[in-house]
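Visitor: My questions concern the predicted model and sequence given below.
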Amino acid sequence: MLSVEASDARKYLLDDPCSLYAQSRKNPRRLQGDGWGIGYYMNGSAVLIKSERPVYMERDGFTSAVKRARSKIIIAHIRRASNPRGLPAERLISKDNSQPFKFRNYIFAHNGTITIPDEVADNLGEWRRRIRGLNDSEVYFWFIMREISLGADVASALRRFRDALEALWRDVRRRHPRKSRPYVGLNSIISDGECLYAYCMYDEEDGRGRSICFGDQPVFEMCYLLDGERLVVASEKTNLEEEWKPLRSGELLIGRIRRGEVTAEIIRVEKGYYMIGSTVKFSYKAYAFTMLKL
């Protein structure tokens, strides 16, 4: 959530019929029981509150964290651990593996699976040493942070990751005969303390499932609310009373506060050049900009 005035996100995290907390245990076959976290900004600095326990077993702790996280920008995440490395389940559960992640003033959360995390980590160079856990989303996070540190904007960093991932997949897919693709969903939320970025990216195959609570949207299609006071982005709508709009695959929503109002725009993140070694893998396409109703 991005808002003009510092506030909490209790409505969307706790109170709504399909709040993030409600989503965590809505479907017994898809329990989100492998940790949770809330990221926000205090006096301009990024702060994380994280736990490795199921959020539905820590309502009091989660409620306390929601109350503490009063900020103009709030990012919350509940986790159902993916395991592309085939590791013992207990190795995947820890505070280091819980999301969001942060670096300097950036906060990042991902919904999806990077199916070849070791290959991505091998291409991070010295940034690989920053990896602390065994969450495949963390290699995605550090790739984005590296690209931004090298001067890329968020849109370019996201595009480079997708291109690099697909290029790596072509090189290593024979090593993974049981895998069919390099990722399942690249949906991510990023903030630098000023803007809120929401990126939706998934394959058609991943969009066949339905949302957990209301079942009225593809499982990986994101949605958002926008008015002059706030922007709320969610993996799926948390209520049926507000006018949620879809954020479709390939779209990046950028929220800002301008002249006392929350504004947003959507751009399409297209494929671009990315280099691994000395081989050029893709050719650039330009963005298409679309302004949303303020």
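Guide: Perfect, thanks for sending it. Numbers count the residues shown, from 1 in each chain.
Visitor: Now do stretch 74-86: distance from first to last residue.
Guide: End-to-end distance for stretch 74-86: 32 Å, by C-alpha to C-alpha, to the nearest Å.
Visitor: Show me how far it is from its chain's centre.
Guide: 10 Å (C-alpha atoms, centre = their mean, to the nearest Å).
Visitor: Check which residues of it are buried.
Guide: 74-79, 81-82, 84 (16 or more other C-beta atoms under 10 Å). Placement of C-beta: from N, CA and C, glycine included.
Visitor: export these to a markdown table and tack on secondary structure?
Guide: Converted to a markdown table, these look like this (DSSP: H, G, I helix; E, B strand; the rest coil):
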| residue | secondary structure |
| --- | --- |
| 74 | strand |
| 75 | strand |
| 76 | strand |
| 77 | strand |
| 78 | strand |
| 79 | coil |
| 81 | coil |
| 82 | coil |
| 84 | coil |
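Visitor: Mind putting these into TSV with pLDDT?
Guide: Formatted as TSV, these follow (pLDDT from 0 to 100):
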residue	pLDDT
74	98
75	98
76	98
77	98
78	98
79	97
81	96
82	96
84	97
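Visitor: residues contacting the most centrally placed residue in the chain?
Guide: The residue lying closest to the centre of the chain (C-alpha atoms, centre = their mean) is residue 188, at 2.2 Å. Going by C-beta atoms under 8 Å, 6 or more residues apart in numbering, residue 188 touches 108-111, 140, 144, 158, 197-199.
Visitor: Surely residue 158 touches residue 252?
Guide: Yes: counting by C-beta atoms under 8 Å, residue 158 touches residue 252, with 6.6 Å between them.
Visitor: which neighbours do these two share?
Guide: Counting by C-beta under 8 Å, 6+ apart, the residues touching both residue 158 and residue 252 are 199, 269.
Visitor: Run through the strands of the stretch 51-200 of the chain in chain order.
Guide: For the stretch 51-200 of the chain, applying DSSP state E, counting those that start in this stretch gives strands covering 71-78, 101-103, 106-114, 183-191, 196-200.
Visitor: other SSEs contacting the first one?
Guide: Read it as strand 71-78. Applying 3 or more C-beta pairs under 8 Å, 6 or more residues apart in numbering; DSSP states H and E, we find strand 71-78 packed against strand 2-7, helix 20-26, strand 36-42, strand 106-114, strand 183-191.
Visitor: Please convert the ones you listed to CSV, extending it with mean pLDDT and distance to residue 239.
Guide: Formatted as CSV, these follow (pLDDT from 0 to 100; distance: least, C-beta to C-beta, whole Å):
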stretch, mean pLDDT, distance to residue 239
strand 2-7, 97, 17
helix 20-26, 96, 10
strand 36-42, 98, 20
strand 106-114, 98, 19
strand 183-191, 97, 19
